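Undergrad: what's the 3D shape of this:
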Amino acid sequence: MAKAEKAKSSKAVKETKKVEKSSPKKSTATANESEENLQVTIEKKLAALYNLQLIDSHIDKIRIVRGELPLEVQDLEDEIAGLETRIEKFVLEVEEFDTQAGEKGDAIKDSHVLMKKYQDQQMNVRNNREYDSLTKEVEFQNLEIQLNEKRIKEYTFKQESIKTEIEKSQAILEERKNDLDIKKNELSDIIIETENEEKELQTKSEANQKYVDDRLVVAYQRIRENARNGLAVVQIERDACGGCFNKIPPQHQLDIRMHKKIIVCEYCGRILVDLEIAEVASK
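TA: From the prediction side, this is the model:
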């Protein structure tokens with residue numbers, strides 16, 4: 001009995017030692033597997049981010065092409081409105097000069113009537129004093145006629161100048177209206193052509209965001225908003241950042257190629273990827 005118990009005890013000790021020897025190996029294997037999974041996850045996130053950038057950049061190009069035309073259309077509409085307002089003011093000025101010329105014409109008629117009246121009175125004066133007084137009145141009315149005729153000529157000259165400006169403005173207005181029709185048609189065609197493509201790309205963009213953590217998506221969108229060209233994820237080009245073109249230290253380049261963590265440019269804050277990730281994302 002004692003020998004049997006001793007044998008069992010010895011066997012238990014050996015099994016315990018085996019377990020103790022095998023445990024570090026299992027722990028190491030688990031750690032390596034975890035590290036590989038983490039690396040794959042980071043690679044997938046980086047590829048998804050870069051692919052997201054490619055899609056959003058394509059959307060940006062579509063909006064840029066379409067975005068210039070609405071501005072041109074708006075500028076033409078503003079210019080047309082300005083020309084129409086200008087022509088309206090010119091027309092009102094012409095009408096005002098017509099009114100003033102008519103008033104001066106009426107004043108000339110009144111002066112002729114008064115001159116005739118004073119001349120008739122001169123025929124029945126009783127002394128030189130009355131005659132001289134009437135003569136002055138006749139001369140005054142004659143001067144009034146000359147002054148009013150001069151004013152009418154000035155109004156006529158101004159009217160002719162304004163009418164010339166109206167003709168020029170109307171010619172420009174017709175050109176701008178034709179340009180506006182052309183631009184509106186172009187814009188309409190582009191919207192029709194690109195609307196479906198933009199919706200499709202937008203759907204792809206939203207689908208890619210599912211592969212990335214919400215925190216990363218928020219950071220990506222914030223970087224895009226702050227970046228002048230809308231690039232938040234850039235590839236390393238000639239050992240430099242593809243966004244700001246500053247040199248990247250060799251150690252950082254090595255870390256980027258390892259795909260163990262997401263690394264941003266220390267100068268512009270853009271997310272950096274290597275050629276391998278760019279090729280994966282493009283495929």
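Undergrad: from here on, contacts and neighbour counts on C-alpha atoms
TA: Fine.
Undergrad: count of neighbours near residue 173?
TA: Residues contacting residue 173 under the criterion other Cα atoms under 10 Å number 20.
Undergrad: And it, how far from residue 165?
TA: Here the criterion is Cα to Cα, to the nearest Å. By it, residue 173 lies 12 Å from residue 165.
Undergrad: what are the ranges of the helices in this protein?
TA: In the chain, the helices defined using DSSP state H lie at 2-122, 128-209, 214-226, 250-258, 275-282.
Undergrad: What sits closest to residue 79 if chain neighbours are left out?
TA: residue 176 (7.8 Å; Cα to Cα, 6 or more residues apart in numbering).
Undergrad: Bridge partners for residue 235, pull those for me.
TA: Beta-bridge partners recorded for residue 235 (DSSP bridges): residue 273.
Undergrad: Would you mind listing where the stretch 1-150 of the chain has pLDDT under the threshold?
TA: Within the stretch 1-150 of the chain, the segments meeting pLDDT under 70 span 1-40.
Undergrad: Need the distance between the two termini of stretch 221-241.
TA: 19 Å.
Undergrad: what's next to it, contact-wise?
TA: For stretch 221-241, contacts defined as Cα atoms under 8 Å, 6 or more residues apart in numbering pick out 49-50, 53, 57, 60, 220, 242-243, 246-248, 253, 265, 269-275, 278.
Undergrad: again with stretch 123-133
TA: So stretch 123-133 is contacted by residue 122 (Cα under 8 Å, 6+ apart).
Undergrad: Show me what counts as buried in it.
TA: residue 131 (16 or more other Cα atoms under 10 Å).
Undergrad: Any figure for the gap between residue 175 and residue 168?
TA: To residue 168, residue 175 is 11 Å away according to Cα to Cα.
Undergrad: Oh, that last question was meant for residue 214, not what I typed.
TA: Distance, residue 214 to residue 168, by Cα to Cα: 60 Å.
Undergrad: can you check residue 260 too?
TA: Distance, residue 260 to residue 168, using Cα to Cα: 70 Å.
Undergrad: Those two: which has the busier surroundings?
TA: A direct count of neighbours by other Cα under 10 Å for residue 260 and residue 168 places residue 260 higher, at 16 against 12.
Undergrad: Do I have it right that the more buried one meets residue 46?
TA: No. With contact defined as Cα atoms under 8 Å, residue 260 does not count as touching residue 46 (10.3 Å).
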